[in-house]
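1. Below are the sequence and a predicted model; questions follow.
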Amino acid sequence: MSSHHAYISKPFFFYGTLTDPLRLQDVLQLPTPRVLKPARVTSLKIMLWGQYPALVNGPHNSYVDGVAYLVETKEQQDMLEYCNTDIYNPEGVLITVEEEVVARRTSI
């Protein structure tokens, strides 16, 4: 039995600099910029971690607007995690795109 598992594509939520398609293209080494969908996460807010914005738990009625992008490979996920250093930890969140919850997965 192989220990290699197929990567399952998953939506990531971005706020800050990664909402710029050109920045994301650069980080993921993509040939062209991608179309990013407006998205929202709830029960979170942005606070500064030094000079950098970070998502933290917030009141139930709080939300943060950003964009969603479907990460298609483990290599892309690794590049995002490397780019954002180890202070960012992908964790499960509800990502809403066009009033539909699309994931209980990841935010960076």
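-> Received, thanks. Worth saying up front: this structure is predicted, and the values here are computed from it rather than measured. Numbering: from 1, shown residues only.

2. Nearest residue to S62 in space, ignoring adjacent ones along the chain?
-> Among residues not flanking S62 along the chain, K45 sits closest, at 4.8 Å (Cβ to Cβ, 6 or more residues apart in numbering). Any C-beta I mention is one placed from the backbone N, CA and C, and that applies to glycine too.

3. Looking at the one you found now. What's its pLDDT?
-> On the pLDDT scale, K45 is placed at 92.

4. Which stretches in this protein count as helices?
-> Listed in chain order, the helices of the chain (DSSP state H) span 21-28, 74-83.

5. okay if I get those as JSON lines plus mean pLDDT?
-> Converted to JSON lines, these look like this (pLDDT from 0 to 100):
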{"stretch": "helix 21-28", "mean pLDDT": "95"}
{"stretch": "helix 74-83", "mean pLDDT": "87"}
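
6. With that, I have no additional questions.
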